[in-house]
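In: Okay, predicted coordinates and the sequence, questions at the end:
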Amino acid sequence: MRTVLSIILFLSIQISFAQIVSEKERAILKDELLEDRFQNLLPQLMDDADLDMWLLISREYNEDPVLKTMLPATWLNARRRTMILFYRNKKQNTIERIAVARYDIGKSIKSAWNKEQEPNQWKALSDIITKRNPTKIGINYSKHFALADGLVKTDYEELVKNLPDSLVSKLVSAEKLAIAWLETRTAKEMKLFKKLVKTTHDIIDDAFSEKVIIPGKTTTEDIVWFMRQTVTNLGLETWFHPTIDIQRANQELKSHIYSFTKGDKDKIIQKGDLLHCDFGITYIGLNTDCQQHAYVLKDEEKEVPEFLAMAFKKGNRLQDILTTTMMEGKTGNEILLSSLATAKKEGLRPSIYTHPLGKYGHSAGTTIGMWDSQEGVPFKGDYSLHKNTVYAIELNVTVSIPEWQKDIRIMLEEAGFYGDSFFEYVNERQTEIKPIKVN
């Protein structure tokens with residue numbers, strides 16, 4: 001006899017594969033997107049950062065997070081010690097892409113090191129840099145942005161030891177450039193991002209449906225593993241383990257940390273439960289992060305109760321306050337404090353903890369609050385919002401529910417794109433609680 005879990009895992013394979021392309025097609029698309037970024041994005045980013053040379057160094061299985069995003073589809077890791085050098089000649093409007101390595105790095109970066117002629121890789125690197133005589137050499141170190149701090153101590157020491165003093169004096173932090181590379185989305189990437197967010201929504205729709213949920217039998221862990229298995233069946237990856245939690249009339253509201261890190265372990269879903277998920281997937285170098293709500297209708301109910309529907313609208317209102325406050329040049333802390341002030345004036349009980357989203361789930365860019373830092377986030381929150389970036393619009397609002405004689409928390413998260421002085425959701429947002437009708 002099949003268990004409830006085995007039944008719903010079987011159901012997961014019925015989801016359409018239409019939006020997901022084959023491994024070969026993914027590799028082609030990944031390399032096309034990367035070449036587009038090298039050709040049409042990187043020169044401008046280097047000019048904006050006032051760097052004419054950018055040097056990245058990594059060893060196999062210990063990759064710089066930025067360098068890892070530059071590897072072609074057929075490179076799952078760096079090889080041996082991989083050195084990548086970008087040299088920007090602004091006057092001639094050219095950019096060289098050089099690998100000081102034994103191999104070409106795909107089709108986009110050509111190897112310039114002949115080991116037979118110069119056995120010392122560091123000496124070869126030094127000669128290449130000296131020949132170009134850059135004004136500044138950006139290297140990836142940063143005190144406050146981990147993703148921009150990828151140059152390890154050993155490689156830094158070897159670099160300094162092998163460069164002449166005249167070049168060592170030109171070494172500067174590439175923090176601004178590294179963050180910009182990770183946070184900036186191209187038009188081609190956004191087409192893919194829309195499909196990825198749509199797939200994320202589709203999986204949630206299946207998870208929060210009568211196809212999967214049997215009140216009195218299905219547990220929260222069943223739903224979690226349904227989502228994980230569905231992602232695997234589609235040939236995708238989850239970048240964090242999903243959580244499912246329940247709010248119901250006869251139970252006290254639990255903390256943020258419980259909902260977001262623990263969920264409800266193997267709790268049986270009942271009619272009348274307000275469900276919440278936190279779920280994200282990875283596909284062709286991009287990541288999603290989404291939180292939505294569903295409600296399991298009672299036998300006598302034909303729709304989500306009005307008091308819950310109205311509570312949900314307050315969550316949407318907080319989203320609107322935040323996204324209309326987001327403006328290029330404002331810091332995350334300025335956006336946070338202004339949004340919270342507006343929300344509180346309207347009588348809301350808000351909490352905002354929005355983060356960059358893209359090459360990594362918690363990616364580079366400004367941080368607009370953290371759940372335990374509602375007064376502002378030092379350093380990361382002082383970074384400014386830039387255009388052509390994607391954010392996980394993540395927040396919650398606490399609402400008093402007289403019908404349940406308690407508070408509930410509407411917790412929402414959707415991918416949003418900030419363009420040239422405009423904001424839009426990458427693939428819409430949830431505007432109503434999903435009703436789950438079961439017999």
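Out: Arrived safely. Numbering: from 1, shown residues only.
In: okay, CA-based contacts and neighbour counts for the rest of this
Out: Noted.
In: Quick one: residues contacting the residue located most distally from the centre of the chain.
Out: Here the chain reaches farthest from its C-alpha mean at residue 117, the gap being 43.1 Å by Cα atoms, centre = their mean. Going by Cα atoms under 8 Å, 6 or more residues apart in numbering, residue 117 touches no other residue.
In: part of a helix, is it?
Out: No. With DSSP: H, G, I helix; E, B strand; the rest coil as the criterion, residue 117 is located in coil rather than a helix.
In: Look up how far residue 161 lies from it.
Out: Distance, residue 117 to residue 161, using Cα to Cα, to the nearest Å: 21 Å.
In: do the same with residue 229
Out: Relative to residue 161, residue 229 is positioned 49 Å away (Cα to Cα).
In: So between those two, which is more surrounded?
Out: The neighbour comparison of residue 229 against residue 161 (other Cα atoms under 10 Å) goes to residue 229, with 20 against 12.
In: secondary structure element for that one?
Out: helix 220-233 (DSSP states H and E).
In: Can you give me the buried ones in that helix?
Out: 220-231, 233 (16 or more other Cα atoms under 10 Å).
In: Tell me the first helix or strand C-terminal of it.
Out: strand 237-238.
In: any residues touching that next one, and which ones?
Out: 228, 231, 279-283.
In: same question, stretch 25-41
Out: For stretch 25-41, contacts defined as Cα under 8 Å, 6+ apart pick out 70, 72-74, 108, 186, 188-189, 284-285.
In: Please, where are all the helices along the stretch 1-150 of the chain?
Out: Here the stretch 1-150 of the chain has its helices, by DSSP state H, counting those that start in this stretch, at 4-12, 23-40, 42-48, 65-68, 121-132.
In: Of those, give the one that comes closest to residue 239.
Out: Closest to residue 239 of the helices of the stretch 1-150 of the chain is helix 65-68 (Cα to Cα; 14.9 Å).
In: So which elements touch the closest one?
Out: Judged by 3 or more Cα pairs under 8 Å, 6 or more residues apart in numbering; DSSP states H and E, helix 65-68 is in contact with strand 53-59, helix 175-183.
In: Residue 240 and residue 344: what is the separation?
Out: For residue 240, the distance to residue 344 equals 32 Å [Cα to Cα].
In: Report the backbone C-alpha coordinates of whichever strand or helix holds residue 157 in PDB.
Out: Counting by DSSP H and E, the element that carries residue 157 is helix 153-162. In PDB, the C-alpha atoms belonging to helix 153-162 read as follows (Å, rounded to 0.1, in the frame of the first residue of the first chain):
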ATOM      1  CA  LYS A 153      45.200  34.800   1.400                       C
ATOM      2  CA  THR A 154      47.500  32.300  -0.300                       C
ATOM      3  CA  ASP A 155      46.900  33.600  -3.800                       C
ATOM      4  CA  TYR A 156      47.100  37.200  -2.600                       C
ATOM      5  CA  GLU A 157      50.500  36.600  -1.000                       C
ATOM      6  CA  GLU A 158      51.800  34.800  -4.100                       C
ATOM      7  CA  LEU A 159      50.500  37.600  -6.300                       C
ATOM      8  CA  VAL A 160      52.300  40.300  -4.200                       C
ATOM      9  CA  LYS A 161      55.500  38.300  -4.000                       C
ATOM     10  CA  ASN A 162      55.700  37.800  -7.800                       C
END
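In: Please enumerate residues in contact with that helix?
Out: 57-58, 122-123, 126, 168.
In: In CSV: the residues you listed, plus pLDDT, neighbour count and distance to residue 198.
Out: What follows is the contacts of helix 153-162, written out as CSV (pLDDT from 0 to 100; neighbours: other Cα atoms under 10 Å; distance: Cα to Cα, whole Å):
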residue, pLDDT, neighbour count, distance to residue 198
57, 97, 23, 36
58, 94, 23, 35
122, 95, 18, 46
123, 95, 14, 49
126, 96, 15, 47
168, 97, 15, 48
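In: Isn't residue 335 up against residue 324?
Out: No. Applying Cα atoms under 8 Å, one finds residue 335 not in contact with residue 324, separated by 9.5 Å.
In: Can you give me every residue that contacts the nearest residue to residue 184 once chain neighbours are set aside?
Out: Nearest residue to residue 184, sequence neighbours excluded (Cα to Cα, 6 or more residues apart in numbering): residue 389, at 5.1 Å. Residues in contact with residue 389 (Cα under 8 Å, 6+ apart) are 183-185, 356, 417-419.
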